[in-house]
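[1] requesting a structural model of the entry that follows:
(one chain, ligands or ions: 1)
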Amino acid sequence: MILVAGGAGYIGSHMVKRLEQAGERFVVLDNLERGHEAALRGASLVKADLRDPHSLRAAFARRDIDVVLHFAAYIEVGESVQEPAAFWQNNVVGTFNLLEVAREAGVQQFVFSSTAAVYGEPVRTPMDEDHPTVPTNPYGETKLAVERMLESYDEAYGLRSVRLRYFNAAGADPEGELGEDHSPETHLIPRVLLKALGRAEFRVFGDDYPTRDGTCVRDYVHVCDLADAHLGAVGHLRSGGESLVCNLGNGQGFTVKEVVAAVERVTGLKVGAEVAPRRPGDSATLVASSDRAKERLGWRPQYPKLEPMIEHAFAWFKSRPDGYKV
Ligand code: UDP
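    Residues are numbered from 1 along each chain as shown. Here you go, the predicted structure:
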């Protein structure tokens, strides 16, 4: 059985739906601090907090868990610059607690949600997994620290892991049941869509980066494709595969202004691109080479283009103006 830590969050909830479709047995662990119970659609939940090891033990007790998928973390770069202590505690100490409880329970397989933010400023583009890791913000530092923790757990305890370095997760469940519901919402595509719908302000954070139009370049990847990569990682580990680190992106970068233009095209609505100062901690360009995930995990992204990501997210925001609240 699979344990999905953070299964009520944006990416975790899409994973839960994917596991159901694949006929996998699983249980979700989430503290619901930032996740949504409604996003679980009735899936089995143990409410527990990574910072409280006792609460974690309840999730493992009397369950035959063989793989942990770990999505639970604080994720916002800007917040990590303002509040690093919360990030070290939740993302690093919390993951340490989860790993220890998993180890106590005899779990030997772990899939970790890491991030492109571990790389920092690119010395070459697209970045492969051997690119130097020099994070430019505490968020990236905490994810890199966990990656190293996992390496040492493999060497010493034989706990094998796949560390998946997501580039920019985007999109929503194409069936419209799930979507992004962060509060506050800081991510680019949702913010541009919410501006298009007249529900939020949107500004471009910096237009003086060394990129083709001066705005930051990111590699967007559909949330359902991320979920698929996790299924590939589970298969890899269950068939005895060695520990791996894999990028997950589409190898194509879009500037902030290009994303705004794509949203205007897909929705037929006007957004505009008023410019504000840079946001602390942002790298100019993050674009992935994901050849390894394709080779080693058999990953085949279904929605590699920006348009379906925007269409699916737009459908979600239009039909659910209050997100998961009813
Ligand atoms: N961004 C922006 N305005 C916003 C939100 C984001 O210009 O309201 C930019 C941000 O500076 C970054 C890119 O959009 O260059 C992607 O940001 P996001 O927060 O979506 O993801 P990140 O790359 O930080 O994980």
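
[2] so R25 sits against I2, correct?
    Yes. At 7.0 Å, R25 counts as touching I2 under the criterion of CB atoms under 8 Å. C-betas here are computed from N, CA, C, even on glycine.

[3] neighbour count: those two, which is higher?
    Applying other CB atoms under 10 Å to R25 and I2 shows that I2 carries more neighbours, namely 23 against 12.

[4] and stretch 261-270, is it in reach of the ligand?
    No. Using CB under 6 Å from any ligand atom, stretch 261-270 never reaches the ligand; the gap is at least 12.1 Å.

[5] what comes into contact with that stretch?
    Applying CB atoms under 8 Å, 6 or more residues apart in numbering, the external contacts of stretch 261-270 come out as 189, 192-193, 196-197, 254, 271, 306-307, 310-311, 314.

[6] ok, now stretch 223-238?
    So stretch 223-238 is contacted by 2, 10-11, 14-15, 17-19, 22, 24, 66-67, 69, 109, 111, 160-162, 164, 166, 169-174, 180, 244, 246, 248, 293, 296-304 (CB under 8 Å, 6+ apart).

[7] go through the contacts of stretch 261-270 and flag which are in strands.
    Mapping the contacts of stretch 261-270 onto strands (DSSP state E) picks out F254.

[8] list buried residues within the contacts of stretch 261-270.
    The neighbour count (16 or more other CB atoms under 10 Å) marks 189, 192-193, 196, 254, 271, 306, 310-311, 314 as buried among these.

[9] return the residues of the stretch 151-300 of the chain in contact with the ligand.
    Checking the stretch 151-300 of the chain against the ligand by CB under 6 Å from any ligand atom, the hits are 168, 186-188, 191, 202-205, 216, 218, 256, 279, 282.

[10] derive a ChimeraX selection command for the buried subset of those residues.
    ChimeraX command restricting these to the buried ones, with burial defined by 16+ other CB under 10 Å:
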select :168,187,188,191,202,204,205,216,218,256,282
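
[11] which of the residues of the stretch 151-300 of the chain next to the ligand sit farthest apart?
    N168 and R203 (18.0 Å; CB to CB).

[12] residues that sit against both of R25 and I2, list them.
    Counting by CB under 8 Å, 6+ apart, nothing touches both R25 and I2.

[13] in the stretch 151-300 of the chain, which spans are strands?
    Ranges of strands within the stretch 151-300 of the chain are 160-166, 168-170, 204-205, 217-218, 220-222, 244-248, 254-255, 275-276, 285-286, based on DSSP state E, counting those that start in this stretch.

[14] mean confidence score for the fourth one?
    For strand 217-218, the mean pLDDT works out to 96.

[15] go on, the first one?
    Along strand 160-166, the predicted local confidence has a mean pLDDT of 98.

[16] where does this protein dip in pLDDT?
    For the chain, residues meeting the criterion pLDDT under 70 lie at 326.

[17] in contact with the residue in it that the ligand sits nearest to, which residues?
    Residue of the chain nearest the ligand, by CB to the nearest ligand atom: C216 (3.0 Å). When contacts are counted by CB under 8 Å, 6+ apart, C216 touches 205-206, 209, 255-256, 282-285.

[18] before we move on, what about T115?
    Listed by CB under 8 Å, 6+ apart, the contact partners of T115 are 75, 139-140, 143, 165-166.

[19] buried among those? Need that as a selection in PyMOL.
    In PyMOL syntax, the buried subset of the contacts of T115 is picked out as below (16+ other CB under 10 Å):
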select buried, resi 75+139+140+143+165+166
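
[20] which one of the contacts of T115 is nearest to E33?
    Closest to E33, out of all of the contacts of T115 and judged by CB to CB, is I75, at 12.3 Å.

[21] how about that closest one: what's its closest non-neighbour residue?
    Take I75 and drop its neighbours on the chain: the residue closest to it by CB to CB, 6 or more residues apart in numbering is Y139, 6.8 Å away.

[22] SS state for that neighbour?
    What DSSP: H, G, I helix; E, B strand; the rest coil gives for Y139 is helix.

[23] returning to what we had before: which members of the residues of the stretch 151-300 of the chain next to the ligand are positioned in helices?
    The members of these that map onto helices under DSSP state H are 188, 191, 256.

[24] which residues does the nearest residue to the second one once chain neighbours are set aside contact?
    Closest residue in space to R191, ignoring its immediate chain neighbours: F202 at 4.9 Å, by CB to CB, 6+ apart. By CB under 8 Å, 6+ apart, the contact set of F202 is 191-192, 194-195, 271-272, 274.

[25] in JSON lines: those residues, plus distance to N91.
    What follows is those, written out as JSON lines (distance: CB to CB, whole Å):
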{"residue": "R191", "distance to N91": "23"}
{"residue": "V192", "distance to N91": "27"}
{"residue": "L194", "distance to N91": "27"}
{"residue": "K195", "distance to N91": "30"}
{"residue": "V271", "distance to N91": "32"}
{"residue": "G272", "distance to N91": "35"}
{"residue": "E274", "distance to N91": "32"}
